[in-house]
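Engineer: model the structure of this input:
(one chain, ligands or ions: 1)
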Amino acid sequence: MPKRIEGFSKLTQEEKIDWISQTHFKNPTLAAALLHSYWNLDAMLQQRHEEFTENTVSNFYLPLGVAPNFLINEQWYTLPMVIEESSVVAAACKAAKFWMHRGGFQTRVVATEKVGQIHFLYQGDEKKLKDFIQLHQTQLIDSTRHLTKNMRARGGGITALELNDQRSLMPHYFQLHLTFETGDAMGANFINSCLEEIAVHLKNLASQYAVFSTLEKQLEIVMCILSNYVPNCLVTAKVSCPIEALGAQKPWNAHEFAEKLVQAVTIAQEEPFRAVTHNKGIMNGVDALVIATGNDFRAIEAGVHAYAARSGKYKSLSSAWIEEEQFSMELQIPLALGTVGGLTGLHPMVGWCHELLGNPDAKTLMQITAVAGLAQNFAALQSLVTSGIQKGHMKMHLVNILNQAQATKMQKEKALSHFKNRPVSVQAVTAFLDEHKNK
Ligand code: MEV
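Structural biologist: Numbering: from 1, shown residues only. Predicted structure coming up:
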């Protein structure tokens, strides 16, 4: 069969599965059966999932783990974590337990401002454009009143509109830069709708003015879109305790351990290769929460990494310091999260995760998510500066290696006990399985 097709989207689901299986797989029957085996038996639920996107042919599972014992601002939480990487949930649990005996996590929302932009070209007199925008600023914002009614009733809406001259970046390029408060919604649709409405109004108003009337002076909209860079939608999570309370962490005493943690963070602040991996560890925790709560992890990733590079150099998102015998570690990240709208009311497991967290509002979810990032960062550094990362990682990875080798239940049990105090590697596990093949 040819590997290209016209009108694929118009095929029924069974026809799609049939075409894919026949075209791309050695064993079409097995390929189709696998897709079917991942369907939910509850037809309504299956349909719900299928309708999230297009050309759905099955579901794709990720594990949902939980990490209890998180003490955040004196309140207890069990965190839902959707992640495939072994040891992330275990690390979260370990960090939660460690800090629950040392005062827990303190968090603070610094600001919740979202951003949207209308990018346009204008070839006329800059001063006239400025005056025009200034004169019509309120009118432009008011053109969205029908869209912002509910949001304004909840204390949100458009908070500012400003004209930016961007001609140093591209000829004739200007933008309207708008800021928004979107309450408990992530607000992407709301922001984009407002921007598109304002753009239409801007064009209409402009066409009524002589200054814009000749073609080359006309204002030409390029695009309207929210920005996922939200440096003013910020949250901070912090842990702090007397150095002695950290306890000895083999091979270090408490003081040495605190110093090693500070050195590890300093390296990530100064050295971009390390900073990227350091921040990746933070995002292990953040993404797991973001996915579990039905938020857009691509938006969060893009915004967080842009924030890490805001000084012009990519740096650690966390900081650690020692002051008057007190060790502290802090994470500050932009998190534009929502607890209403989007998947939150549609995906039953997302609803479950929200309930597990006590149905938090967006600000509370920002704080919990930042804690997940800080906990992950602390746990990673704790391992890195003491036993090394592989000890814990490979223990968790052992199960994956065993599954990949299609070990039986009995072989798995034997292997788990054998490798309890031995180093795990693919070779060692393969050799062990060979030895215990028929036992
Ligand atoms: C692995 O997923 C994450 C770590 O590499 C993070 C780090 O190095 O800090 C362990």
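
Engineer: and the stretch 251-400 of the chain, which residues reach the ligand?
Structural biologist: By C-beta under 6 Å from any ligand atom, the residues of the stretch 251-400 of the chain that approach the ligand are 277-278, 280-281, 284, 380, 384, 389. Bear in mind the C-beta positions are built from the backbone N, C-alpha and C, glycine included.

Engineer: in PyMOL, how would I select the buried members of those?
Structural biologist: Buried residues among these (16 or more other C-beta atoms under 10 Å), as a PyMOL selection:
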select buried, resi 278+281+284+380+384
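
Engineer: what about the protein, any weak spots by pLDDT?
Structural biologist: In the predicted model of the chain, residues 1, 215-216, 392-393, 438-439 satisfy pLDDT under 70.

Engineer: how's it carved up into domains?
Structural biologist: For the chain, the structural domains run 8-50, 64-109+231-387, 114-227, 392-438, going by automatic domain parsing.

Engineer: out of those domains, deepest packed?
Structural biologist: Compared across those, domain 64-109+231-387 shows the largest average neighbour count, a mean of 19 (mean count of other C-beta atoms under 10 Å).

Engineer: ends of that one, what's the gap?
Structural biologist: Using C-alpha to C-alpha, to the nearest Å, the end-to-end distance of domain 64-109+231-387 comes to 28 Å.

Engineer: now that domain: how far from the chain's centre is it?
Structural biologist: In terms of C-alpha atoms, centre = their mean, to the nearest Å, the centre of domain 64-109+231-387 is found 12 Å from the chain centre.

Engineer: next: stretch 145-154.
Structural biologist: 27 Å.

Engineer: all helices of the stretch 151-300 of the chain, in order?
Structural biologist: Secondary structure of the stretch 151-300 of the chain (DSSP state H, counting those that start in this stretch): helices located at 188-207, 243-246, 254-270, 272-292, 297-308.

Engineer: and which of the residues of the stretch 251-400 of the chain next to the ligand is nearest to the ligand?
Structural biologist: Nearest to the ligand, judged by C-beta to the nearest ligand atom, of those is Gly281 at 2.6 Å.

Engineer: who touches the closest one in this structure?
Structural biologist: Listed by C-beta atoms under 8 Å, 6 or more residues apart in numbering, the contact set of Gly281 reads 376-377, 380.

Engineer: pretty sure Asn150 is in a helix, no?
Structural biologist: Yes - using DSSP: H, G, I helix; E, B strand; the rest coil, the assignment for Asn150 is a helix.

Engineer: what distance do you get for it to the ligand?
Structural biologist: Counting by C-beta to the nearest ligand atom, to the nearest Å, the gap from Asn150 to the ligand is 41 Å.

Engineer: distance of that residue relative to Ile389?
Structural biologist: As judged by C-beta to C-beta, to the nearest Å, Asn150 and Ile389 stand 48 Å apart.

Engineer: SS state for the residue in the stretch 1-150 of the chain that the ligand sits nearest to?
Structural biologist: For the stretch 1-150 of the chain, the residue closest to the ligand is Glu85, as judged by C-beta to the nearest ligand atom, at 5.7 Å. Under the three-state scheme (three-state DSSP), Glu85 adopts coil.

Engineer: quick check: chain neighbours aside, which residue is closest to it?
Structural biologist: Closest residue to Glu85 apart from its sequence neighbours, by C-beta to C-beta, 6 or more residues apart in numbering: Asn284 at 6.4 Å.

Engineer: how close does the one you found get to Glu220?
Structural biologist: For Asn284, the distance to Glu220 (C-beta to C-beta) stands at 44 Å.

Engineer: same check on Pro360?
Structural biologist: To Glu220, Pro360 is 43 Å away according to C-beta to C-beta.

Engineer: check Lys391 too.
Structural biologist: Counting by C-beta to C-beta - Lys391 and Glu220 are separated by 60 Å.
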